[in-house]
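Trainee: Make a model of this:
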Amino acid sequence: MKLDLEFTRAQFPAFAEPSLNGQAFFENAGGSYTCRHVYDRLTRFYRERKVQPYSAYPASTLGGQEMDEARAGLAAMMGVETDELSFGPSTTQNTYVLSQAFAQMMSPGDVVIVTNQDHEANSGPWRRLAERGMIVREWQMNEEGHLDPADLAELLDDKVKLVCFPHCSNVIGEVNDVAAITQVVHDAGAVCCVDGVSYAPHGIANVSELGADIYLFSAYKTYGPHQGIMAIRRDLGMRLPNQGHHFNADSLYKRFTPAGPDHAQVAASAGMVDYANALYDHHFNEAADLPSRAAAVHNLMRGQETELMQPLLDFLAAKNSVRLLGPTNAASRAPTLALDLGRAAQPFEAKLAKHGIMSGGGDFYAGRALMANGVDPELGALRVSFVHYTSPAEIQQLIDALDQEL
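Mentor: As a prediction, this is how the structure comes out:
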């Protein structure tokens with residue numbers, strides 16, 4: 001089954017926006033376009049239900065029901081129980097709250113493992129535990145930017161309580177084998193926190209199948225509003241010290257949300273489920289539960305991206321003036337391509353913008369990963385990133401622009 005690109009793009013108002021006409025969007029790793037289902041729900045909430053939710057009067061009741069619908073739908077897509085999914089202002093904020101909980105549960109001398117492939121959001125909060133007496137070990141990439149599970153095994157011992165790693169790096173692009181890594185971690189008696197921010201735009205993951213104890217991603221990168229989404233397994237979540245109000249201590253989805261939820265944005269997140277359902281219903285003529293629908297849509301997205309990515313990878317491989325970080329095989333990576341230009345990358349944005357290419361240049365909060373791959377974070381990398389709604393014509397537009405400017 002191939003993705004119907006015309007139908008898919010029709011679900012995104014940005015593609016009908018005159019001011020964006022002719023502009024090819026290649027900064028999706030920084031935040032995706034928003035699907036119309038989220039727009040519609042957000043607008044309706046602000047217009048009809050912008051009151052305190054969960055009271056008995058109709059507007060309040062309906063507002064609460066939409067918030068619950070978002071949590072239940074996304075949890076089902078991810079293969080977790082409804083109360084194992086929670087919302088927060090951002091993934092970075094969610095991770096900082098989690099790190100405080102682990103700091104209270106761990107003891108000086110306990111070990112947390114992080115990687116140098118990570119975005120700072122899933123590395124910085126954990127590294128700060130060293131200030132409180134914990135030991136931080138770094139699982140380092142090899143010279144190709146790959147995280148080798150054999151190297152992780154050498155770092156594991158009975159002192160290790162937590163291992164934090166990305167599903168996919170926001171500059172290296174390689175898709176890590178989360179299921180295999182979590183098995184290694186669990187065999188050593190530790191738990192794992194997986195940063196899914198850079199992978200989730202390419203298909204919502206089934207957390208149960210991956211075996212992750214904690215899985216985090218950002219809704220604004222998965223066609224939704226600016227919310228952080230976190231799945232945490234109940235046994236772990238109830239063991240960790242409560243970080244919310246004392247009267248919310250018995251509610252798993254409230255324990256790691258110290259501030260009150262953004263009612264409208266949480267409710268609008270149900271539009272992400274609507275979008276997945278719309279794609280499924282358009283492409284498949286058979287009934288299925290939400291986890292199965294999510295898996296089918298994931299495969300549609302990845303199939304489209306892989307087909308579009310390989311010609312771009314082949315083009316870059318033939319260019320001596322640029323070095324691609326990470327795998328050159330589309331099947332093993334996400335379409336987030338960081339390019340080492342050997343000079344400052346940010347000014348190159350303006351050159352590509354003249355060709356209608358929206359891209360990014362910088363360190364993308366991944367300075368450790370860049371340094372490990374021989375890139376000066378001060379110079380940064382040029383990053384071109386796309387998702388399933390990108391068209392073949394836009395890929396060609398990017399190739400033509402790079403060909404002229406590199």
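
Trainee: What segments of the stretch 1-150 of the chain are helices?
Mentor: Using DSSP state H, counting those that start in this stretch, the helices of the stretch 1-150 of the chain run over 5-9, 36-48, 58-78, 91-105, 124-127, 149-155.

Trainee: Would you mind giving those as TSV with mean neighbour count and mean pLDDT added?
Mentor: C-betas here are computed from N, CA, C, even on glycine. Output for the helices of the stretch 1-150 of the chain, formatted as TSV (neighbours: other Cβ atoms under 10 Å; pLDDT from 0 to 100):
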stretch	mean neighbour count	mean pLDDT
helix 5-9	15	98
helix 36-48	17	98
helix 58-78	20	98
helix 91-105	21	97
helix 124-127	20	97
helix 149-155	14	97
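
Trainee: right, so of those, which gets closest to Leu216?
Mentor: Using Cβ to Cβ as the measure, helix 91-105 is the one of the helices of the stretch 1-150 of the chain that comes nearest Leu216, at 4.9 Å.

Trainee: so what does the closest one touch, helix or strand wise?
Mentor: With contacts defined as 3 or more Cβ pairs under 8 Å, 6 or more residues apart in numbering; DSSP states H and E, the packing partners of helix 91-105 are strand 85-88, helix 124-127, strand 191-195, strand 214-218, strand 228-232.

Trainee: The helices of the stretch 1-150 of the chain into a markdown table, with extra columns for distance to Gly356?
Mentor: Output for those, formatted as a markdown table (distance: least, Cβ to Cβ, whole Å):
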| stretch | distance to Gly356 |
| --- | --- |
| helix 5-9 | 16 |
| helix 36-48 | 23 |
| helix 58-78 | 34 |
| helix 91-105 | 30 |
| helix 124-127 | 35 |
| helix 149-155 | 42 |
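
Trainee: For Ser269, see how far away Gly224 is.
Mentor: Taking Cβ to Cβ, to the nearest Å as the criterion, Gly224 is separated from Ser269 by 5 Å.

Trainee: Mind listing the shared neighbours of the two?
Mentor: When Cβ atoms under 8 Å, 6 or more residues apart in numbering defines a contact, the residues bordering Gly224 and Ser269 alike are Val38.

Trainee: Quick one: mean pLDDT for the lengthiest strand in the chain?
Mentor: Longest strand in the chain, counting residues (DSSP state E): strand 160-166. If you average the pLDDT over strand 160-166, you get 98.

Trainee: Could you chop this structure up by domain?
Mentor: The record, using automatic domain parsing to delimit domains, assigns the chain the ranges 5-35+289-405, 42-272.

Trainee: Those domains into a markdown table, with extra columns for distance to His283?
Mentor: Output for these, formatted as a markdown table (distance: least, Cβ to Cβ, whole Å):
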| stretch | distance to His283 |
| --- | --- |
| domain 5-35+289-405 | 6 |
| domain 42-272 | 14 |
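
Trainee: out of those, which comes closest to Ala278?
Mentor: domain 5-35+289-405 (6.4 Å).

Trainee: distance between the ends of the closest one?
Mentor: End-to-end distance for domain 5-35+289-405, by Cα to Cα, to the nearest Å: 29 Å.

Trainee: next one: stretch 49-61
Mentor: Using Cα to Cα, one end of stretch 49-61 lies 9 Å from the other.

Trainee: roughly how far is the longest strand of the chain from the heart of the chain?
Mentor: 17 Å (Cα atoms, centre = their mean, to the nearest Å).

Trainee: Just checking: what are the partner strands of it?
Mentor: Partners of strand 160-166 in the sheet, by DSSP bridges, are strand 111-115 (parallel), strand 191-195 (parallel).

Trainee: Arg333 is in contact with Asn176, isn't it?
Mentor: No: using Cβ atoms under 8 Å, Arg333 makes no contact with Asn176, being 10.4 Å away.

Trainee: neighbour-wise, which of those two wins?
Mentor: Arg333 (24 against 21; other Cβ atoms under 10 Å).

Trainee: So what does the more buried one have for phi and psi?
Mentor: Backbone torsions of Arg333, given as degrees, to the nearest 10, read phi -140, psi 170.

Trainee: Could you tell me how far it is located from Pro327?
Mentor: 4 Å.
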